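1. turn this into a structure:
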Amino acid sequence: MPKVSVIVPVYNVEKLLERCLNSVLNQSFQDFELLLIDDGSKDSSGQICDNYAKKDQRVRVWHIPNGGQSAARNLGIDNVYGTYIVFIDSDDFVELDYLEQLYQPMVEYEADVVSCRYIAYSEERDEEVKKIIQENQAKVYHFRNNQDVMQDFLEKEFKDDRNFPWESYTNLYKTELLGEIRFEVGREFEDNFFNYQYFKKIQKAIATSYIGYYYYANPTSKTRITFYEKQFDLIQQERLIIEDVKIKYPEFIDLEANNLALKYCWLYGKIFGDIRFSNFSVSKKNIRIIQSLYKEDKKYFLKLDIGKKWGTFLKLASSFPYATGLSNRLYRLLKQK
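-> Numbers count the residues shown, from 1 in each chain. Predicted coordinates for the structure are as follows:
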């Protein structure tokens with residue numbers, strides 16, 4: 001049986017897929033299987049997957065009707081043979097020692113999860129990215145009990161000095177410990193709650209500042225350039241976490257409230273920015289929705305240590321929602337403690 005199972009959901013990425021698959025199959029660590037889940041692709045992605053499976057016995061392929069990334073990942077989880085699992089998106093790629101850098105400390109320190117850093121990549125940033133990689137000094141951080149692990153996980157958005165994302169595509173998971181945890185189908189931003197459920201179960205985690213994952217920053221991506229209604233799932237997912245934190249980790253409720261406030265800032269910024277791209281009536285509708293959501297959640301923001309900062313923004317945004325100057329720039333500014 002392979003030591004690691006690599007799960008790659010595939011959907012309409014014919015121009016980028018080979019770069020992804022080659023980066024996996026040419027790893028320095030070779031004891032792995034590669035599961036390709038073709039999620040109803042309409043281009044040649046499915047055929048590319050089949051071609052790779054014919055050439056390499058480590059590759060297994062499924063062709064399924066389009067059900068979204070979560071459904072594809074879940075199918076992969078249900079069919080792995082490996083002791084450990086990693087997820088890679090099909091438009092991204094990894095360093096050739098990516099699996100080795102995750103697997104080695106996982107085994108050496110008997111960890112429950114190992115995570116590395118990622119870097120946003122595009123052709124325009126190629127030279128900049130190369131310089132960052134060359135200058136990066138990998139450091140390893142150990143978390144030896146569940147309280148420390150969960151605290152760092154909930155603080156991850158505010159750790160710019162270390163930048164440990166604990167994202168699903170930068171983590172090496174234990175298959176056995178994952179158990180019945182699955183991604184919620186039909187939602188976006190589903191990684192957050194998936195990881196929270198897993199991190200509740202672990203006692204020992206390792207984070208490394210090694211940059212091994214290249215996240216493709218598509219400049220035409222819908223997520224990047226405009227607001228759409230499914231982005232409200234970001235609040236829904238964060239609500240699942242904060243309701244559980246309130247019961248299981250009450251000492252960390254303010255940390256998670258910070259995360260929820262951060263998501264509101266991001267969504268407000270997206271909606272304000274979207275006024276330029278969509279008709280005004282659509283933006284008014286979305287603003288009414290987020291105002292209604294905020295009224296339900298503002299109880300969590302009343303006692304925050306940085307309440308003045310968040311409170312000022314959220315109050316302004318909910319009272320004067322057409323102030324287009326409140327944008328993603330302000331979101332990034334407020335993110336800095």
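
2. how about low-confidence regions in the stretch 101-250 of the chain?
-> For the stretch 101-250 of the chain, the stretches flagged by pLDDT under 70 are 158-164, 219-225.

3. show me where it has strands.
-> Ranges of strands within the stretch 101-250 of the chain are 113-121, 140-143, 171-174, 205-216, based on DSSP state E, counting those that start in this stretch.

4. save those as CSV, and put in distance to residue 193 and mean neighbour count too.
-> In this view, the C-beta of every residue, glycine as well, is placed from N, C-alpha and C. Shown next, in CSV, are the strands of the stretch 101-250 of the chain (distance: least, Cβ to Cβ, whole Å; neighbours: other Cβ atoms under 10 Å):
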stretch, distance to residue 193, mean neighbour count
strand 113-121, 16, 21
strand 140-143, 20, 15
strand 171-174, 14, 23
strand 205-216, 18, 22
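
5. any buried residues in the strand or helix carrying residue 283, and which?
-> Secondary structure from DSSP states H and E places residue 283 in helix 280-297. Buried residues in helix 280-297, counted by 16 or more other Cβ atoms under 10 Å: 283, 286-287, 290, 293-294, 297.

6. just to be sure, residue 267 is in a helix?
-> Yes: with DSSP: H, G, I helix; E, B strand; the rest coil as the criterion, residue 267 is part of a helix.

7. how much space separates residue 205 from residue 14?
-> From residue 205 over to residue 14 the distance is 37 Å, taken as Cβ to Cβ, to the nearest Å.

8. ok, residue 43 next?
-> 4 Å.

9. which one of the two has more residues nearby?
-> residue 14 (16 against 13; other Cβ atoms under 10 Å).

10. quick check: the more buried one touching residue 46?
-> No: using Cβ atoms under 8 Å, residue 14 makes no contact with residue 46, being 9.3 Å away.

11. and residue 247, how many residues sit next to it?
-> By other Cβ under 10 Å, neighbour count at residue 247 equals 8.

12. ditto for the one 5 residues further on
-> Residue neighbour count, defined by other Cβ under 10 Å, stands at 18 for residue 252.

13. contacts only, for it.
-> Neighbouring residues of residue 252 by Cβ atoms under 8 Å, 6 or more residues apart in numbering: 150-151, 154, 245.

14. identify, from those, the entry nearest to residue 270.
-> Among those, residue 154 lies closest to residue 270 (Cβ to Cβ), at 23.0 Å.

15. how many other residues sit next to the closest one?
-> Neighbours around residue 154, by other Cβ under 10 Å: 24.

16. also residue 52?
-> Count around residue 52 with other Cβ under 10 Å applied: 20.

17. helix/strand/coil for residue 96?
-> coil.

18. what is the helix holding residue 283 packed up against?
-> The contact analysis (3 or more Cβ pairs under 8 Å, 6 or more residues apart in numbering; DSSP states H and E) places helix 280-297 against helix 233-248, helix 253-274, helix 307-319.

19. out of those, flag the one nearest residue 130.
-> Judging the helices and strands packed on helix 280-297 by Cβ to Cβ, what sits closest to residue 130 is helix 253-274, at 29.0 Å.

20. and that closest one, how far out from the chain's middle?
-> 16 Å (Cα atoms, centre = their mean, to the nearest Å).

21. can you check stretch 193-202 too?
-> Offset of stretch 193-202 from its chain centre (Cα atoms, centre = their mean): 13 Å.

22. only alpha carbons, please: show that stretch as PDB.
-> Output of stretch 193-202 as PDB, limited to C-alpha atoms (Å, rounded to 0.1, in the frame of the first residue of the first chain):
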ATOM      1  CA  PHE A 193     -15.100  23.900   8.700                       C
ATOM      2  CA  PHE A 194     -13.500  20.700   7.300                       C
ATOM      3  CA  ASN A 195     -10.100  21.700   8.800                       C
ATOM      4  CA  TYR A 196     -11.700  22.900  12.100                       C
ATOM      5  CA  GLN A 197     -13.300  19.400  12.500                       C
ATOM      6  CA  TYR A 198     -10.000  17.700  11.900                       C
ATOM      7  CA  PHE A 199      -8.000  20.000  14.200                       C
ATOM      8  CA  LYS A 200     -10.400  19.300  17.000                       C
ATOM      9  CA  LYS A 201      -9.100  15.700  16.900                       C
ATOM     10  CA  ILE A 202      -5.300  16.200  16.900                       C
END
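
23. buried residues, it. List them.
-> Those would be 193-200, 202, for stretch 193-202 by 16+ other Cβ under 10 Å.

24. kindly report the same for stretch 45-59.
-> 45-46, 48-49, 52, 58-59.

25. from the residues you listed, which land in helices?
-> Members of the buried residues of stretch 45-59 lying in helices (criterion: DSSP state H): 45-46, 48-49, 52.

26. dihedrals phi and psi, residue 201?
-> Main-chain torsions, residue 201, degrees, to the nearest 10: phi -100, psi -10.

27. surely it is in contact with residue 113?
-> No: using Cβ under 8 Å, residue 201 makes no contact with residue 113, being 9.7 Å away.

28. let me know the pLDDT of residue 100.
-> You'll see residue 100 listed with a pLDDT of 97.

29. what's it sitting at in phi/psi?
-> Per-residue torsions, residue 100: phi -60, psi -40 (degrees, to the nearest 10).
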